[in-house]
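**Q** Pasting the sequence and the predicted coordinates here, then a few questions.
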Amino acid sequence: ISAWAKLAQAPEDPILGVTVAYNRDPNPVKLNLGVGAYRTDEGKPYVLHVVRRAEAALVGDRSRNKEYLPIVGLAAFNKLSRALAFGADHPAVLSNRIATVQCLSGTGSLRVGAEFMAQHYHTPVIYVPVPTWGNHNKVFPKAGLKLLTYRYYDPATRGLNFAGMIDDLQAAPDGAVILLHACAHNPTGVDPLPEQWDAIRQVIRAKRQLPFFDSAYQGFASGDLDVDAYSLRSFAADGGEMALAQSFAKNMGLYGERVGALSMVCATPEAARLVEGQLKLVIRPMYSSPPLHGAAIVATVLGDEKLFQEWKVELKGMADRIIDMREKLYQALVARGTPGNWTHILKQIGMFTFTGLNKTQVDFMREKYHVYMTGDGRISMAGLSTSTVPRLANAIDDAVR
Ligand code: PLP
């Protein structure tokens, strides 16, 4: 008899489980719009040319070895990631007030940041938007933070519930940690406008709360790295403290390489030094040190002016294709006279459209049309292509009639 015989059957992950179900479906026309991964217009995974070139350079360089990285990761990667997020000439960057550690993509950065806050922060309570990326609801409590929520999305307008958000931040305790999606809010695709960000920042600063930015889509949303960094740079510009979890999964297409960074912007260089020391104590017993390859790719691309410029072009290409899919899907629904207002498909930002379809409609589309999406009606626009738009439009049209 196994030591594990009495274990309960674990449920599938609500997002990754969509792919499990998709893989089991033998129908050849099946379409996976569940997971947030970019596909070409031919429906294929995409390795960026700059990544291929950086990899070729790394492999060809015989002076490189496979030694362990330090606990905090690759120094060049940390420096360049920080500059990418905040701008190379930002005062916090120049004055060494930011402690940056390389982590296992965005998720690992969130987890290390949360573990650190649970141990050392005076108010180990975190507020996340409703709804939010599902894993936030698990990562933070597992790390020991108390999880609470603030209003964010308004189903009636399919836009931001700005007044509700401000009220809830006002009502949250002084000092609480506030999780913010830097851009391209997942799953809703609804972001605050710049002036709304400024108002949000004023509340958070007045209440001495700690903003914790999750930046999984810099450059991937608008196609412009600086535009997408507005929110976190405006917080950094006021000189206050903040945390940032950065992922290179989407914007450099490095999903499986697990490359990301946690940056803690501190009030003083001395505080940043202390924070870095304690972060090392969090990381060492978890996984000792991060992997080398992905960080070396990112450092090569960001550190070479020519590759960096080429990356920006490829990034814009990916963002533009997604925006084009929004237009095509919207037009396809209009052409079918599909009941309802679908302008939110055009307005929402980033990888996902929060369609407003309910669970019954989602199940119907899966069964009849073999179209897979998460149960909350979120579809990955990056998984859509010119040839699959008509089928999705037919499925939505049928589901809402
Ligand atoms: N945060 C958000 C909002 C995301 O959408 C994702 C990916 O889907 C992540 C974090 C983390 O992704 P990864 O751990 O692959 O970098």
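**A** Yes, it's here. Numbering: from 1, shown residues only.

**Q** And for residue 72, the neighbour number?
**A** The number of residues packed near residue 72 is 22, by other CB atoms under 10 Å. C-beta: built from backbone N, CA, C; applies to glycine.

**Q** Not counting its neighbours along the chain, what's nearest it?
**A** Nearest in space to residue 72, with sequence neighbours left out and distances taken as CB to CB, 6 or more residues apart in numbering, is residue 101 at 4.4 Å.

**Q** does that neighbour count as helix, strand or coil?
**A** Put simply, residue 101 is strand when judged by DSSP: H, G, I helix; E, B strand; the rest coil.

**Q** Run a quick neighbour tally on it.
**A** Quick note: residue 101 (other CB under 10 Å) scores 26 neighbours.

**Q** if I pick it, what's in contact with it?
**A** 71-73, 78, 112, 261-262, 276, 279-280, 283 (CB atoms under 8 Å, 6 or more residues apart in numbering).

**Q** Columns distance to residue 126 on top of these, output as a markdown table?
**A** As requested, the contacts of residue 101 are exported to a markdown table (distance: CB to CB, whole Å):
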| residue | distance to residue 126 |
| --- | --- |
| 71 | 24 |
| 72 | 23 |
| 73 | 24 |
| 78 | 24 |
| 112 | 14 |
| 261 | 19 |
| 262 | 15 |
| 276 | 21 |
| 279 | 17 |
| 280 | 22 |
| 283 | 20 |
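
**Q** can you put the residues you listed in a markdown table and add secondary structure and pLDDT?
**A** Compiled in a markdown table, the contacts of residue 101 are given as follows (DSSP: H, G, I helix; E, B strand; the rest coil; pLDDT from 0 to 100):
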| residue | secondary structure | pLDDT |
| --- | --- | --- |
| 71 | coil | 98 |
| 72 | coil | 98 |
| 73 | coil | 98 |
| 78 | helix | 98 |
| 112 | helix | 98 |
| 261 | strand | 98 |
| 262 | strand | 98 |
| 276 | helix | 98 |
| 279 | helix | 98 |
| 280 | helix | 98 |
| 283 | helix | 98 |
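
**Q** nearest to the ligand, of those residues?
**A** residue 261 (10.5 Å; CB to the nearest ligand atom).

**Q** what's the spacing between that closest one and residue 23?
**A** 32 Å (CB to CB, to the nearest Å).

**Q** Could I get the buried residue list for the host helix or strand of residue 23?
**A** Here residue 23, judged by DSSP states H and E, is contained in helix 16-24. Buried residues in helix 16-24, counted by 16 or more other CB atoms under 10 Å: 18-19, 22.

**Q** ok, now stretch 219-235?
**A** For stretch 219-235, by 16+ other CB under 10 Å, it's 219-223, 225, 228-232, 235.

**Q** Tell me which of these fall in helices.
**A** With DSSP state H as the criterion, helices contain 225, 228, 230-232, 235 from among the buried residues of stretch 219-235.

**Q** next helix or strand past the longest helix along the chain?
**A** When the chain is parsed with DSSP H, its longest helix is helix 305-336. Downstream of helix 305-336, the first helix or strand assigned by DSSP H and E is helix 343-347.

**Q** for the residue nearest the centre of the chain, what are its contacts?
**A** The residue lying closest to the centre of the chain (CA atoms, centre = their mean) is residue 216, at 2.6 Å. Counting by CB under 8 Å, 6+ apart, residue 216 touches 106, 133, 181-182, 184, 186, 247, 249-250.

**Q** cool, and residue 182?
**A** 213-218, 228-229, 231-232, 244.

**Q** Would you mind putting the buried residues of helix 16-24 into JSON lines with distance to residue 297 and pLDDT alongside?
**A** Below are the buried residues of helix 16-24 laid out as JSON lines (distance: CB to CB, whole Å; pLDDT from 0 to 100):
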{"residue": "18", "distance to residue 297": "28", "pLDDT": "90"}
{"residue": "19", "distance to residue 297": "25", "pLDDT": "90"}
{"residue": "22", "distance to residue 297": "28", "pLDDT": "94"}
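
**Q** give me phi/psi at the residue of the stretch 251-400 of the chain found nearest the ligand?
**A** Taking CB to the nearest ligand atom, the ligand has its nearest neighbour within the stretch 251-400 of the chain at residue 260, 5.3 Å off. The phi/psi pair for residue 260 (degrees, to the nearest 10) reads phi -160, psi 180.

**Q** one step back: and the ligand, which of the contacts of residue 182 contact it?
**A** Among the contacts of residue 182, the ones lying near the ligand by CB under 6 Å from any ligand atom are 214, 216.

**Q** Poorly predicted segments of the stretch 151-300 of the chain, please.
**A** In the prediction, the stretch 151-300 of the chain carries no residues with pLDDT under 70.

**Q** Where does residue 14 sit, in terms of helix or strand?
**A** Per DSSP H and E, there is no helix or strand for residue 14.

**Q** Quick one: residues contacting it.
**A** Residue 14 makes contact with 134, 374-375 under the criterion CB under 8 Å, 6+ apart.

**Q** Select from the contacts of residue 216 every entry located in strands.
**A** Taking DSSP state E, the ones among these that sit in strands are 181, 247.

**Q** tell me the secondary structure for residue 245?
**A** Assignment for residue 245 (three-state DSSP): strand.

**Q** ok, and the closest non-adjacent residue to it?
**A** residue 109 (3.6 Å).

**Q** For residue 386, see how far away that neighbour is.
**A** In terms of CB to CB, residue 109 sits 35 Å off from residue 386.

**Q** picking that back up, how many other residues sit next to the residue nearest to residue 245?
**A** When neighbours are counted by other CB under 10 Å, residue 109 registers 28.

**Q** what helix or strand does residue 88 sit in?
**A** Counting by DSSP H and E, residue 88 is part of no helix or strand.

**Q** State the pLDDT value of the closest residue to residue 358 other than its chain neighbours.
**A** Excluding its sequence neighbours, the residue lying closest to residue 358 (CB to CB, 6+ apart) is residue 377, at 6.6 Å. We have a pLDDT of 94 for residue 377.

**Q** wait, what's in contact with residue 377?
**A** Going by CB under 8 Å, 6+ apart, residue 377 touches 354-359, 361-362.

**Q** cool, residue 126 as well?
**A** Counting by CB under 8 Å, 6+ apart, residue 126 makes contact with 114, 117, 140, 145-148, 176-179, 212.

**Q** of those residues, closest to the ligand?
**A** Nearest to the ligand among the contacts of residue 126, counting by CB to the nearest ligand atom, is residue 179 at 9.4 Å.

**Q** Lovely, talk soon.
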